[in-house]
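A.B. asks: Coordinates for the following, if possible.
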Amino acid sequence: MPTFTRPDLLFFHGASGTKLSTTPQIARFSLGIAAKDVGKAAGAFGASIPKNIGEMIQAGQSFALCLGPDEYQLMVPMALANPLMKNFSHLRATTPHSLVDISYSQVGIEVCGPLATTIISAGCPLDLSVLPVGGCARSILDKVQVIVIKTGEQNYQLQIMRSFAPFAGKLLAKAAIQYEAELALNSGEE
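C.D. replies: The predicted structure is shown next:
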């Protein structure tokens, strides 16, 4: 059974091409701002911010997610964290908002490959078949709250509270091993 002790390591790679790994460290911010002011926030962010719940916009290595009414998550490379906070500090003078650094409270797990949807669905009740590429949603993985981001047809990122990452990583790896074995058995029968 693969272990999930270091969050910066690949922890599963299957024969089907399915991979589980942690995402590179990234700065994450929870943004609360009125929908009418999203354009101003986009100026401080340096890229567009989606206005519809469940949408994600990627600009280079930066992501903006709309998670709820007036609720957004912004993710940028670590080198851009301080400039982003400075931009929003200037914005605060004219536009009320809340920006909270949650960089170290979450870990990103990437699940990609032909079994990605099946593996995540083993513990997540969200119907991933209706989640479009560029979509995001809050859900659960077993009993753990996650943010599911669909970055490609067979690619997902799960944003998980750091303390639950080992549990989630093991659950996903166990599902990956099971589905890889079933795939191998089924292909051997033909």
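A.B. asks: use CA for all of it now, contacts and neighbours both
C.D. replies: OK.
A.B. asks: what separates the longest strand along the chain from the chain centre, distance-wise?
C.D. replies: For the chain, the longest strand by residue count, based on DSSP state E, is strand 144-152. Averaging C-alpha positions (C-alpha atoms, centre = their mean, to the nearest Å) puts strand 144-152 4 Å from its chain's average.
A.B. asks: Could you spell out the sheet neighbours of the helix or strand of the chain with the lowest mean pLDDT, each with its direction?
C.D. replies: In the chain, no helix or strand scores lower on mean pLDDT, DSSP states H and E than strand 10-13, which sits at a mean of 74. Partners of strand 10-13 in the sheet, by DSSP bridges, are strand 19-22 (antiparallel).
A.B. asks: helix or strand right after the strand it pairs with?
C.D. replies: Downstream of strand 19-22, the next assigned helix or strand under DSSP states H and E is strand 27-33.
A.B. asks: Show me what the helix or strand following that following strand is in contact with.
C.D. replies: Counting by DSSP H and E, the next helix or strand C-terminal to strand 27-33 is helix 38-45. Helix 38-45 has contacts (C-alpha atoms under 8 Å, 6 or more residues apart in numbering) with 33, 48-49, 51, 84, 87-88, 91, 95.
A.B. asks: what's the answer for stretch 59-74, then?
C.D. replies: 28-35, 47-58, 75-77, 136-138.
A.B. asks: try it again with 7 Å
C.D. replies: 28-35, 47, 49-58, 75-77, 137 (C-alpha atoms under 7 Å, 6 or more residues apart in numbering).
A.B. asks: Show me which of the residues you listed are buried.
C.D. replies: Among these, those buried by neighbour count (16 or more other C-alpha atoms under 10 Å) are 28-33, 47, 49-51, 53-58, 75-76, 137.
A.B. asks: mind listing the strands for this protein?
C.D. replies: Ranges of strands in the chain, per DSSP E, are 10-13, 19-22, 27-33, 56-59, 62-68, 71-76, 97-101, 106-112, 136-141, 144-152, 155-161.
A.B. asks: For Ala173, find the nearest of those.
C.D. replies: Of all those, strand 10-13 sits nearest to Ala173, with 6.4 Å by C-alpha to C-alpha.
A.B. asks: Next, report how far that closest one is displaced from the centre of its chain.
C.D. replies: Using C-alpha atoms, centre = their mean, the offset of strand 10-13 from its chain centre is 17 Å.
A.B. asks: Make 58 the starting number, not 1.
C.D. replies: All set: I'll call the first residue 58, so the last point we hit is now strand 67-70.
A.B. asks: Put the alpha carbons of that strand into PDB.
C.D. replies: Below are the C-alpha coordinates for strand 67-70, written out as PDB (Å, rounded to 0.1, in the frame of the first residue of the first chain):
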ATOM      1  CA  LEU A  67       4.100  11.200  -5.900                       C
ATOM      2  CA  PHE A  68       2.300   8.400  -4.100                       C
ATOM      3  CA  PHE A  69       0.700   6.300  -6.900                       C
ATOM      4  CA  HIS A  70       1.400   5.600 -10.600                       C
END
